[in-house]
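Participant: Have a look; sequence and predicted model below, questions after that.
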Amino acid sequence: MISLLQLGAELGQELLPCPGAEFSAKPVTGVHISELEDPTAFLDGGELLLTTGMPFTKSAALSLAYMKRLGEKDIRAVGLGLGPWLNQVPGHVLVASRAAGIELVIVPDGVPFQHVSRAYWRLSTRDDTTNLMDSLGTQTALARAAMRPDATSAVVRGLAQALGGWAAYLPADAGTETVWPTSAGSLVADLRAESMRFNKAGVPSAATFELHGQPVVLYPILLGARIHGFLCIGSGRTLTKADRQIIMTVSTLLALRARQREVVVGTTNALGAATTKLLLHGQTEAAHMVAEDVGLPELPTRVRLLGIRLSTGDDPVMAARAAVRLAADPGLPDLGATVDACVLRHVQDSILYLVLPASGIGNRPKVGGESLEQDALLGISPPGDHEVSGSLAAALGDLVSLGEIPGNLAVLRRAVLQAPDGRLVAVGASDDAKAAGWVRLLAGYPRADLLGTVRAYLGARGTWEDAARALGIHRNSLRHRISVATTLIGVDLDDPDVAAHLWLAMRDGELGTRQR
């Protein structure tokens, strides 16, 4: 916006302040020329009105009424052109302008009004060019920020700084909010509530609402017809065209970032599903190699297998989130955070299987506790809504090694299918099933005869020298193989219960082989 101070500097002696006064920094929206007694019908407000003084020649009362009308229209200033009607500024005109809160300036005799108009638009063009360059510079900086590892935080911070206010990005999937400055974090709960309201209403474009007495603009971040999040802005002032261009740039960058995350999540889920499928079919070594090759986290050694019964149309992601809040058997742990972070999941025969690491599983919260209220706040769909069916049920197995998963699968599947609607039931695998899984895992190890090594070790009752002699290998080689076997099946071979069941499972396996 161009101010009277800028206009006066541009025109020099062709535009002067009244005697004893100075130009103010008030912005003017344009320059208009009129000699009408009431020009307000042709004004929008904020202009510099130029007149030769015809309205001021009749009386002080009419001058006062004239200035009052302009003041009510929010005219910024009146420029009095001396010469045709007035040679100097009448005192009653000064009084009337001050009473109306309008700045009075002087256009000296002989200076065409067009000089003032042209100077205004010349300055305006320069201002627009400067704003455009500033905007382009800001947008370039924001685009660079989008390439950083902390892209979302950097872009939100850059937007807030460019607008001189605060900004927040709220993911629609109840992820972590990004707010700058941190002092605006106190607004997040209210912003989340408003964004949920607009999300349910299906708002397709920007919306404005008042929060704690200040206007807030909310922009949905869209990918196609799907809302991925909301950009909330509080600038404390009227947004300019350049401001809105910057905001649209940030919205586009956030949408691109959301698309990148969507692709990464989709790829990770596909790789996790492939790895889980290998584990379910007993291909543990292959699962380790796939996970390592594609960059998945290292597979845990001890896990719990969670099975969730799906109905036609159930969304697996929402079903997993809903399953952790089902009414659970006594003693079951809290799986909430573990389930959300789990990438080892696969749907097979209408059952969603999740391989959950033993670490990170805590105590289950009480029904009606804080975590359930937080789910409701974040908009996680509970069982029975349009995302998951009312027949949702799940079963959770005991802690097992990865190699024991196939041996426990049938028992878990049966428990999932038989679980009452709305229940999370516990499934305990038998010791014999666990031992059979250990045998399969040892037998499937490709780099050494771990099954024969463990058989010799148990046959020697844990005596290193006797077992090494029976195998014809050095004692240190035996220790290395037993260490590998212990890590592979996740149990202590010196535990009498483990040793007994494992020995019987190996004997049963030999008998079965001979009979075939």
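Facilitator: It's in.

Participant: If you count neighbours, what's buried in the helix or strand harbouring Leu442?
Facilitator: In this assignment (DSSP states H and E), Leu442 forms part of helix 431-443. Of all the residues in helix 431-443, those buried under the rule 16 or more other Cβ atoms under 10 Å are Ala433, Lys434, Ala435, Ala436, Gly437, Trp438, Val439, Arg440, Leu441, Leu442. The way it works is simple: take the backbone N, C-alpha and C, and place the C-beta from them, glycine included.

Participant: Now for those residues: which two are most distant?
Facilitator: Greatest spatial distance among the buried residues of helix 431-443 (Cβ to Cβ): Ala433 and Leu442, at 15.3 Å.

Participant: per-residue confidence at Ser34?
Facilitator: For Ser34, the model assigns a pLDDT of 91.

Participant: what sits against it?
Facilitator: Phe42, Leu49, Leu50, Thr51 (Cβ atoms under 8 Å, 6 or more residues apart in numbering).

Participant: would you turn these into JSON lines with pLDDT, neighbour count and secondary structure?
Facilitator: Below are the contacts of Ser34 laid out as JSON lines (pLDDT from 0 to 100; neighbours: other Cβ atoms under 10 Å; DSSP: H, G, I helix; E, B strand; the rest coil):
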{"residue": "Phe42", "pLDDT": "91", "neighbour count": "11", "secondary structure": "helix"}
{"residue": "Leu49", "pLDDT": "93", "neighbour count": "23", "secondary structure": "strand"}
{"residue": "Leu50", "pLDDT": "94", "neighbour count": "22", "secondary structure": "strand"}
{"residue": "Thr51", "pLDDT": "93", "neighbour count": "22", "secondary structure": "strand"}
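
Participant: Neighbours of the residue nearest to Ala258 when sequence neighbours are not counted, how many?
Facilitator: Distances taken as Cβ to Cβ, 6 or more residues apart in numbering put His228 closest to Ala258, at 4.0 Å, once the chain neighbours are dropped. By other Cβ atoms under 10 Å, the residues close to His228 number 21.

Participant: helix or strand right after the helix or strand hosting His228?
Facilitator: Using DSSP H and E, His228 sits within strand 226-234. Going down the chain from strand 226-234, the next helix or strand is helix 241-280, by DSSP H and E.

Participant: Also compute the angle for that next one relative to strand 226-234, please.
Facilitator: 140 degrees (axes from the mean of the first three to the mean of the last three Cα atoms, to 10 degrees).

Participant: still on that earlier bit, which elements pack onto the strand holding His228?
Facilitator: When contacts are defined as 3 or more Cβ pairs under 8 Å, 6 or more residues apart in numbering; DSSP states H and E, strand 226-234 sits against helix 151-163, strand 166-171, helix 188-201, strand 214-223, helix 241-280.

Participant: pLDDT of it, averaged?
Facilitator: 84.

Participant: strands paired with that strand, and their directions?
Facilitator: When pairing is defined by DSSP bridges, strand 226-234 lines up against strand 166-171 (antiparallel), strand 214-223 (antiparallel).

Participant: Using CSV, write down the CA coordinates of it.
Facilitator: The C-alpha trace of strand 226-234 is given here as CSV (Å, rounded to 0.1, in the frame of the first residue of the first chain):
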residue,chain,number,x,y,z
ARG,A,226,-9.1,-36.8,0.2
ILE,A,227,-8.1,-34.4,3.0
HIS,A,228,-4.7,-35.2,4.3
GLY,A,229,-4.5,-32.4,6.8
PHE,A,230,-5.2,-28.8,7.6
LEU,A,231,-3.1,-25.7,7.4
CYS,A,232,-4.2,-23.1,10.0
ILE,A,233,-2.9,-19.5,10.0
GLY,A,234,-3.3,-16.6,12.3
